[in-house]
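A.B. asks: Any chance you can model this:
(chains A, B, C and D)
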There are 4 protein chains.
Amino acid sequence: MTIKVGVLGAQGRVGSSVVDGVNAADDLELVAALDRGDDLQALVDNGAEVIVDFTTPGVVMDNLEFCIANGIHCVVGTTGFDEERLGRVRQWLEDNPGTGVLVAPNFAISAVLAMSFARQAARFFDSAEVVEYHHPNKLDAPSGTAIHTAQGIADARREAGLSAMPDATEQQLEGSRGADVDGVKVHAVRMTGMVAHEDVIFGAQGQSLTIRQDSYDRTSFVPGVLVGVRDVAEHPGLTVGLDGYLGI
Amino acid sequence: MTIKVGVLGAQGRVGSSVVDGVNAADDLELVAALDRGDDLQALVDNGAEVIVDFTTPGVVMDNLEFCIANGIHCVVGTTGFDEERLGRVRQWLEDNPGTGVLVAPNFAISAVLAMSFARQAARFFDSAEVVEYHHPNKLDAPSGTAIHTAQGIADARREAGLSAMPDATEQQLEGSRGADVDGVKVHAVRMTGMVAHEDVIFGAQGQSLTIRQDSYDRTSFVPGVLVGVRDVAEHPGLTVGLDGYLGI
Amino acid sequence: MTIKVGVLGAQGRVGSSVVDGVNAADDLELVAALDRGDDLQALVDNGAEVIVDFTTPGVVMDNLEFCIANGIHCVVGTTGFDEERLGRVRQWLEDNPGTGVLVAPNFAISAVLAMSFARQAARFFDSAEVVEYHHPNKLDAPSGTAIHTAQGIADARREAGLSAMPDATEQQLEGSRGADVDGVKVHAVRMTGMVAHEDVIFGAQGQSLTIRQDSYDRTSFVPGVLVGVRDVAEHPGLTVGLDGYLGI
Amino acid sequence: MTIKVGVLGAQGRVGSSVVDGVNAADDLELVAALDRGDDLQALVDNGAEVIVDFTTPGVVMDNLEFCIANGIHCVVGTTGFDEERLGRVRQWLEDNPGTGVLVAPNFAISAVLAMSFARQAARFFDSAEVVEYHHPNKLDAPSGTAIHTAQGIADARREAGLSAMPDATEQQLEGSRGADVDGVKVHAVRMTGMVAHEDVIFGAQGQSLTIRQDSYDRTSFVPGVLVGVRDVAEHPGLTVGLDGYLGI
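C.D. replies: Predicted coordinates for the structure are as follows:
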């Protein structure tokens, strides 16, 4: 049994990689690849069970309203979702409670897992720091992922009642100890040739644990999208964030 | 409120590190440090709430019988537990159902977490391999931890219905692709200067996730023992393996 | 002062990346981009001082004969050079002793440096092993680079009179200790998402040294080609291998 | 043929590790292990060819004057050498030009090699940064080794005429991009369980090269001392720094 998939935004850079990913998967069947101006009715006519939406904030809400009304599950990577938009999605879902919608800002499954593992590990270690590595064209430092990871660690430490990390530094060159994100040090390396990489490092007596995430190219979101496509039917209602699907 | 702790085998190499660890922890109080020939009654007299046992297979069962009968929780790293022994512990616990006993073969918390994360991550990746690194005096290759990790990955892949990993190798030098542990390749490096280290590597389109565990010295079991001491009261009955305490 | 560069094979996948690299460099000027059927005279007419040849074994020799006769330095990545071909190049150079020709099988400068550093370091360490990581479509294991690196280590150890590496392994799963390349263990990992990566690991009492090389995409040869272009005029005669230009 | 070795400061923490290292080496013979108050004449009487000095600034000069006068080569790790002291050593050596003296601040051979490789590699890469990792009791950040490594990179880049590294960062959390050491970014991680570790990372188009140095315990200076002992006879006169012996 294959799952019948429609892709919206199929001619965009991201959408076309999703099309390739669906075509390459034995258990998925591409039944519609739509873009700007195409009629959504094709989804129904071709029996799409799940759609993937990488379109634009201007059209995504219409897409979701149509799909939910037709009982088609939705996996959404389009940006621009605030509480108001999520509220409208929830409302549409009230009439179709069996339909699942996944809205996720980040489909890079290794990055999502790294953040989850970091939160799980945090309370067992005295020390935790984050080092991220990106290409030198990146405008912000540290990366949003690294900041988010550090905040997850800080939250987990607080919940576990841990005190501040040990650090005897008395004399330092400014900046050497990194940025402070809620008590967790974060370091940003900029390096020609690199893409996007992150080390989350934990230390305790006599040992360390490092969670390393490497993104080598811009299609690294595809496996996470396919996890969404395969699992969305088992998660009726609205789910925000891919981690809700990881069962961890 | 501190927890009152007794250590059995307190003069052994491992036990004395546990004594140091308890003494260094603000929330724990060492009330008895016993070794061969000492009277267990001192545990009761000094109000021990939890004992840590790193003794020998010859005496550990007597220690557990005494402690369970007196409602003292037990954290046990002594080796030699088979099903028969675990059965006897369960029987003693029937009369003291509020008492907790943790029997764990491995207290290195970073290694236990690494195995847990590996099992969680396995089903989301096409590829998974394990590389372990140890000092050259080690007699077996790969390490028991690496084999155990690989089997956990293999189990998780099977449960998720994953097919074999991609590998187009046609021509190879014998041994280059590692040992096959239930379909997961495991590589063992032996290196003067190193202690015990492990990389669990997962790959999917455009990305990889690496869980790296480093043990730098022989006291790396201490933090895991202290997790056991702090949490054993909340886990009445018998628990085998520290992962049962990690809430993950 | 810029260097005037001609590219032969300019429309091929590799050649076009060289064209991009030359165009992006402030100190280089692209004066000719030729491919199959173009007249080599354009090199002379446009004042090319250096050519880069990524063509085919069928045409490269004619290209070199022409360029050497016209005093144009040559940086050559085209394959198929055996002793006979190198001999003919040397002969042509006898009449133009001021002209430089660099023929290199590998222009990935990080890989060339890694091999050089491995040879330099080898005699100072008790242990040395190589772990290489590639995408799973690779047909051979280990990679040619890893084998070459291991042989360089083995040679350096032999010259220094080192004895065999310490390894107490008595009991092993077949393949876990890797392939034996002249006494140096080499391990090959195959991982979806990865490109081409190598760890050369050295160990001595209380320490290790790891030389890690990562290739993230298929243009990683460009920087090495540009080193060749910039330095070839200072290396008259024939040089085989980019390491001859690294001054190390 | 073994080399006859005397150790001065043989009962100190460092000196006793040197004694162990000499005893464990097949090609070295310990003929004198002296400490405070012992008569240096024992070195001559027992035929010492090389001495290793890990004593104190207060006695090392007398030791060297005696050894040089007796034609005994010297490997010196004692601190406190300034230009004035080095000048006196050179003067003593004028009368014994065949005698070798090595004075080195750092005998950790992997660290010395890492710095040398960093200087060699620097001119071939657009980007270079240093990340060092130490236990949290360290008082200064970054480590002296990391600063020294960064300065070596900066010098090599300047000599090669390289321009500033690419870095498009516009918006940053303070400290995230590390400390600036002569244009090279240096990051310092403090982590319970770790000892002393350093990553020197270089990036160019499509690739990176990382030189990783790990010190696992406090005896990591021993292999470098033994390199000194074995090679000092071939380096008559004064050599400052172990890198002068590495032939690189």
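A.B. asks: Phi and psi next, for residue A:208.
C.D. replies: Here is the backbone geometry of residue A:208 (degrees, to the nearest 10): phi -140, psi 160.
A.B. asks: Next, the buried residues of the helix of greatest length in chain A.
C.D. replies: For chain A, the longest helix by residue count, based on DSSP state H, is helix A:144-159. With burial defined by 16 or more other C-beta atoms under 10 Å in any protein chain shown, the residues of helix A:144-159 counted as buried are A:145-154, A:156-157. The way it works is simple: take the backbone N, C-alpha and C, and place the C-beta from them, glycine included.
A.B. asks: Same check on stretch A:10-30?
C.D. replies: Neighbour-count burial for stretch A:10-30 [16+ other C-beta under 10 Å]: A:10, A:12, A:14-19, A:21-22, A:25, A:28-30.
A.B. asks: rewinding a little: between the buried residues of helix A:144-159, which is closest to chain D?
C.D. replies: residue A:147 (7.6 Å; C-beta to the nearest C-beta).
A.B. asks: Tell me where chain A has helices.
C.D. replies: A:13-24, A:41-45, A:57-69, A:83-94, A:109-121, A:144-159, A:222-231.
A.B. asks: isn't residue A:12 right next to residue A:35, touching?
C.D. replies: Yes: contact between residue A:12 and residue A:35 holds when scored by C-beta atoms under 8 Å: they sit 7.4 Å apart.
A.B. asks: what is in contact with those two at once?
C.D. replies: Among the neighbours of residue A:12, none is also in contact with residue A:35 (C-beta atoms under 8 Å, 6 or more residues apart in numbering or on different chains).
A.B. asks: what sits against the residue sitting nearest the centre point of chain A?
C.D. replies: Nearest residue to the geometric centre of chain A (C-alpha atoms, centre = their mean): residue A:106, 2.0 Å. Counting by C-beta under 8 Å, 6+ apart, residue A:106 makes contact with A:112, A:145, A:221, A:224, A:241-242.
A.B. asks: Then residue A:153?
C.D. replies: So residue A:153 contacts A:118-119, A:122, A:128, A:130, A:184, A:200 (C-beta under 8 Å, 6+ apart).
A.B. asks: now do 6 Å
C.D. replies: Counting by C-beta atoms under 6 Å, 6 or more residues apart in numbering or on different chains, residue A:153 makes contact with A:118, A:122, A:128, A:184.
A.B. asks: Relative to residue C:141, which of the residues you listed is nearest.
C.D. replies: residue A:118 (33.2 Å; C-beta to C-beta).
A.B. asks: Quickly note the distance from that closest one to residue A:111.
C.D. replies: Distance from residue A:118 to residue A:111, counting by C-beta to C-beta, to the nearest Å: 11 Å.
A.B. asks: surely residue A:52 meets residue A:75?
C.D. replies: Yes: Residue A:52 lies in contact with residue A:75 (C-beta atoms under 6 Å); the separation is 4.8 Å.
A.B. asks: before we move on, back to that, pull out the buried members of the contacts of residue A:106.
C.D. replies: Here, 16+ other C-beta under 10 Å leaves A:112, A:145, A:221, A:224, A:242 buried among the contacts of residue A:106.
A.B. asks: quick one: the second one from residue A:108, how far?
C.D. replies: When C-beta to C-beta is the yardstick, residue A:145 and residue A:108 sit 8 Å from each other.
A.B. asks: Turn the helices of chain A into CSV, columns for mean pLDDT.
C.D. replies: Converted to CSV, these look like this (pLDDT from 0 to 100):
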stretch, mean pLDDT
helix A:13-24, 96
helix A:41-45, 98
helix A:57-69, 97
helix A:83-94, 97
helix A:109-121, 96
helix A:144-159, 97
helix A:222-231, 96
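A.B. asks: Around chain B, pick out the residues from chain A.
C.D. replies: Chain A comes close to chain B at residues A:109-110, A:113, A:117, A:120-121, A:124, A:204-217, A:219-220, A:222-223, A:248, as judged by C-beta under 6 Å from any C-beta of the partner chain.
A.B. asks: ok, which of the residues you listed also contact chain D?
C.D. replies: A:204-208.
A.B. asks: Could you single out the nearest of those to residue C:192?
C.D. replies: For these, the closest approach to residue C:192 (C-beta to C-beta) belongs to residue A:208, at 27.0 Å.
A.B. asks: Identify the bridge partners of the closest one.
C.D. replies: residue A:203, residue B:214 (DSSP bridges).
A.B. asks: May I ask you to confirm that it is in contact with residue D:193?
C.D. replies: Yes: between residue A:208 and residue D:193 there is a contact at 5.1 Å, judged by C-beta under 6 Å.
A.B. asks: picking up where we left off before, derive a PyMOL selection command for the buried subset of the ones next to chain D among the residues of chain A next to chain B.
C.D. replies: In PyMOL, a selection of the buried entries from these looks like this (16+ other C-beta under 10 Å):
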select buried, chain A and resi 204+205+206+207+208
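A.B. asks: quick one: which two of the ones next to chain D among the residues of chain A next to chain B are the most distant?
C.D. replies: So, those by C-beta to C-beta: farthest apart are A:205 and A:208, at 10.3 Å.
A.B. asks: how big is the angle separating the longest helix of chain A from helix A:109-121?
C.D. replies: 20 degrees (axes from the mean of the first three to the mean of the last three C-alpha atoms, to 10 degrees).
A.B. asks: Distance from the chain centre to helix A:144-159, please.
C.D. replies: Mean C-alpha position of helix A:144-159 versus that of the full chain (C-alpha atoms, centre = their mean, to the nearest Å) differs by 16 Å.
A.B. asks: Can I get it in PDB, CA atoms only?
C.D. replies: Below are the C-alpha coordinates for helix A:144-159, written out as PDB (Å, rounded to 0.1, in the frame of the first residue of the first chain):
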ATOM      1  CA  GLY A 144      18.800  30.300  15.400                       C
ATOM      2  CA  THR A 145      19.100  26.600  15.900                       C
ATOM      3  CA  ALA A 146      22.000  27.000  18.300                       C
ATOM      4  CA  ILE A 147      20.200  29.600  20.300                       C
ATOM      5  CA  HIS A 148      17.100  27.400  20.400                       C
ATOM      6  CA  THR A 149      19.200  24.400  21.500                       C
ATOM      7  CA  ALA A 150      20.900  26.400  24.300                       C
ATOM      8  CA  GLN A 151      17.500  27.600  25.600                       C
ATOM      9  CA  GLY A 152      16.300  24.000  25.600                       C
ATOM     10  CA  ILE A 153      19.300  23.000  27.700                       C
ATOM     11  CA  ALA A 154      18.800  26.000  30.100                       C
ATOM     12  CA  ASP A 155      15.200  25.000  30.600                       C
ATOM     13  CA  ALA A 156      16.000  21.400  31.300                       C
ATOM     14  CA  ARG A 157      18.700  22.400  33.800                       C
ATOM     15  CA  ARG A 158      16.400  24.700  35.600                       C
ATOM     16  CA  GLU A 159      13.600  22.100  35.800                       C
END
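A.B. asks: related to what we said a few turns ago, closest one of the contacts of residue A:106 to residue B:56?
C.D. replies: Distances from residue B:56 to the contacts of residue A:106, taken by C-beta to C-beta, are shortest for residue A:112, at 45.7 Å.
A.B. asks: Kind regards, and thank you for your time.
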